[in-house]
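Student: Kindly generate the corresponding structure for this input.
(chains A and B)
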Amino acid sequence: MKSKKLEIEQVASFLRDGMTIMYGGFMGNGTPPRLIKAILDSGVKDLTMIGDDTAFGEDLAARGPEGVGLLIRNKRVKKLVTGHIGLNKEAQRQMLAGEMEIELSPIGTLAERIRAGGSGLGGVLTPTGVGTSVADVKMDVTINGQKFDQKQTININGRDYLLELPLRADLAVLEAVVADKSGNLVYYGSMRNHNPLMALAADTVIVEAHQIFEVGYINPDHVMTPSILVDHIIYPI
Amino acid sequence: MTQEMSAKELIARRIALELQDGDAVNLGIGLPTLVANYLPLGVNLLLQSENGFLGIGPVPAEIIPVGQPRMVNAGGNPCTILPGGSTFDVSTSFALMRGGHLDACVLGGLQVAENGDLANWMVPGKNVPGMGGAMDLAVGAKKVIVAMEHTNNGEKKILKKCTLPLTAKGKVAVLVTEKALFRFYDGNMVLEEYAPGVSVDEIRAETEAAFTVSDNLKEMVISQVGL
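Tutor: As a prediction, this is how the structure comes out:
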């Protein structure tokens, strides 16, 4: 078996300006800190980032991790697709100043778009956001040969749903508590969040693990992300 | 007693009596979270944390530092998980909401309209935090309870039509303020309870929305826990 071990210094070789990156985590819990730092250190810019939220701003460092905020504060993010930026003043400032494009999405919709992107689905129909500004988002979509420039509301058996399109990324950066050397992953508690969904939805998946074990150590019934989804593993220091 | 009680506490104490033992419930951040403090003895809820678990427990005695594996709630604050709890990914977590598997959710509000529309996630140009899980919760929970102060510095918040961007259309089941409790039946708003010392005329004067007064109108009873 080819080793999936990756040194943190090698992460830069996977990065390029303008790429799309999904990051695991919910309020920074489950966001891989060394991988985010490696993205910053590489100097890469104009990134499109997809993830739950923008964690805690630098001014709230005592309350929790900065997560993707590190890249936002250093102006590396051109576009952000996310559900919540409420505890990151810099993200709000950049959005209101037009310095960073932000597409705000209900978190359930975001999760299902990622899942669809990784599951070979053509889209998701959700009642969430019907009749709200979420339905008014500009979107280029062709349905049965007809072009539309706005998100579509579709009525099925009497109920309205929004058609939400799949999301994919060039790279996903994830955090797991336990990995085996083949890439089977186990998460802990609230740190699972979007990580297993994103493992499905990116061309390259790099995981930062707190513990690494030989293959066979993890009970197959306890594996939360199967090994074939994981391309590279950053071992613990 | 109640004249010394804050509006928020009164609201939380009334909502605590809306929930049944064993209910799976999501409490929004802020005022809704207070509801857990006033649950009567024998009413144990399974509280959902939208980041991916059921069974929210108290703040841990020892806070695990950032960087080490730890449990946090949807606000990113350290918490514990109770015996009998379960963890899952965000897709499952929001399936619990959208799929109608939660008995109730309690949400804060900026505005509520007479048809049950709710606006609670943004004030254009001022505060744009993102909707987070509010839209999924409001669409899917079996019973959407809104906890909201009746007015904002004299400005009416219970309206004929919301002026702020909506969270969900026509989904509010119960609205509790420090003055009144309204229920919504097929888009019709009904005043069912008034807070002690508050008249129906006063409620009408502070409410733009058109509502009917229930034949069974009564004074609001609140949880007495700790009083």
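Student: quick one, helices of chain A?
Tutor: A:33-42, A:69-73, A:89-96, A:107-119, A:195-198 (DSSP state H).
Student: among the ones you listed, which is the most enclosed?
Tutor: helix A:195-198 (a mean of 29; mean count of other CB atoms under 10 Å in any protein chain shown). Backbone N, C-alpha and C define where each C-beta goes, glycine included.
Student: Report all helices and strands that it contacts.
Tutor: helix A:107-119, strand A:169-180 (3 or more CB pairs under 8 Å, 6 or more residues apart in numbering or on different chains; DSSP states H and E).
Student: Of all the ones you listed, which one is nearest chain B?
Tutor: helix A:107-119 (3.1 Å; CB to the nearest CB).
Student: quick one: average pLDDT of the closest one?
Tutor: For helix A:107-119, mean pLDDT is 98.
Student: about what we covered before: among the helices of chain A, which comes closest to residue B:10?
Tutor: Closest to residue B:10 of the helices of chain A, according to CB to CB: helix A:107-119, at 30.7 Å.
Student: burial count for residue 128?
Tutor: I went with chain A, as the question did not name one. 30 (other CB atoms under 10 Å in any protein chain shown).
Student: let's do chain B instead
Tutor: By other CB under 10 Å, neighbour count at residue B:128 equals 18.
Student: do residue A:138 as well
Tutor: 9.
Student: can you tell me which residues contact the closest residue to residue B:8 other than its chain neighbours?
Tutor: Residue nearest to residue B:8 in three dimensions, not counting chain neighbours: residue B:31, with 5.2 Å by CB to CB, 6 or more residues apart in numbering or on different chains. For residue B:31, the contacting residues are B:8, B:11-12, B:108, B:147-148, by CB atoms under 8 Å, 6 or more residues apart in numbering or on different chains.
Student: one more time with 6 Å, if that's ok
Tutor: By CB atoms under 6 Å, 6 or more residues apart in numbering or on different chains, the contact list for residue B:31 reads B:8, B:108, B:147.
Student: Now do the last one, the pLDDT please.
Tutor: Think residue B:147. Reported pLDDT for residue B:147: 98.
Student: just the first one next, same as before
Tutor: Model confidence at residue B:8, expressed as pLDDT, equals 96.
Student: Around chain B, which positions in chain A sit nearby?
Tutor: Listed as neighbours of chain B in chain A under the rule CB under 6 Å from any CB of the partner chain: A:26-27, A:29, A:64-65, A:83-86, A:104, A:106-108, A:111, A:115, A:127-129, A:131-133, A:177, A:188-190, A:192-194, A:196-197.
Student: and those, which are buried?
Tutor: With burial judged by 16 or more other CB atoms under 10 Å in any protein chain shown, the buried subset of those is A:26-27, A:29, A:64-65, A:83-86, A:104, A:106-108, A:111, A:115, A:127-129, A:131-132, A:177, A:188-190, A:192-194, A:196-197.
Student: where's residue B:154 relative to residue B:205, distance?
Tutor: Going from residue B:154 to residue B:205 by CB to CB, to the nearest Å gives 11 Å.
Student: Which of these two has more residues huddled nearby?
Tutor: residue B:205 (9 against 6).
Student: Run a quick neighbour tally on the closest residue to residue A:211 other than its chain neighbours.
Tutor: Closest residue to residue A:211 apart from its sequence neighbours, by CB to CB, 6+ apart: residue A:178 at 5.0 Å. Residue A:178 is flanked by 20 other residues according to other CB under 10 Å.
Student: Next: residue B:160.
Tutor: Counted with other CB under 10 Å, residue B:160 comes out at 13.
Student: which stretch among the helices of chain A comes nearest residue B:62?
Tutor: helix A:33-42 (21.4 Å).
Student: Over the closest one, what's the mean pLDDT, rounded is fine.
Tutor: The model assigns helix A:33-42 a mean pLDDT of 98.
Student: Counting neighbours, what do you get for residue B:163?
Tutor: Residues near residue B:163, counting by other CB under 10 Å: 10.
Student: what about it, which helix or strand?
Tutor: Taking DSSP states H and E as the definition, residue B:163 sits outside all helices and strands.
Student: contacting residues around residue A:38?
Tutor: Applying CB under 6 Å, 6+ apart, the residues near residue A:38 are A:8, A:11.
Student: ok but residue B:85 is inside a helix, no?
Tutor: No: under the criterion used here (DSSP: H, G, I helix; E, B strand; the rest coil), residue B:85 is strand, not part of a helix.
Student: That one reaches residue B:52, doesn't it?
Tutor: No: using CB atoms under 6 Å, residue B:85 is not in contact with residue B:52; the gap is 10.9 Å.
Student: Those two - which one has more neighbours?
Tutor: Counted by other CB under 10 Å, residue B:85 and residue B:52 do not tie: residue B:52 has more neighbours, with 28 against 18.
Student: Next up, the contacts around that one.
Tutor: Residue B:52 neighbours (CB under 6 Å, 6+ apart): A:190, A:192-193, B:87-90, B:93.
Student: would JSON lines of those with distance to residue B:134 and pLDDT be doable?
Tutor: Converted to JSON lines, those look like this (distance: CB to CB, whole Å; pLDDT from 0 to 100):
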{"residue": "A:190", "distance to residue B:134": "19", "pLDDT": "98"}
{"residue": "A:192", "distance to residue B:134": "22", "pLDDT": "98"}
{"residue": "A:193", "distance to residue B:134": "17", "pLDDT": "98"}
{"residue": "B:87", "distance to residue B:134": "22", "pLDDT": "98"}
{"residue": "B:88", "distance to residue B:134": "20", "pLDDT": "98"}
{"residue": "B:89", "distance to residue B:134": "20", "pLDDT": "98"}
{"residue": "B:90", "distance to residue B:134": "15", "pLDDT": "98"}
{"residue": "B:93", "distance to residue B:134": "14", "pLDDT": "98"}
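Student: Which of those residues fall in strands?
Tutor: Among these, DSSP state E puts residue B:87 in strands.
Student: In TSV: the contacts of residue B:52, plus distance to residue A:140.
Tutor: Below are those laid out as TSV (distance: CB to CB, whole Å):
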residue	distance to residue A:140
A:190	36
A:192	33
A:193	30
B:87	38
B:88	34
B:89	30
B:90	27
B:93	30
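Student: Please identify which of the contacts of residue B:52 is nearest to residue A:55.
Tutor: Nearest member of the contacts of residue B:52 to residue A:55, counting by CB to CB, is residue A:193, at 11.9 Å.
Student: what's near enough to touch the closest one?
Tutor: Residue A:193 neighbours (CB under 6 Å, 6+ apart): A:26, A:30, B:51-52, B:90.
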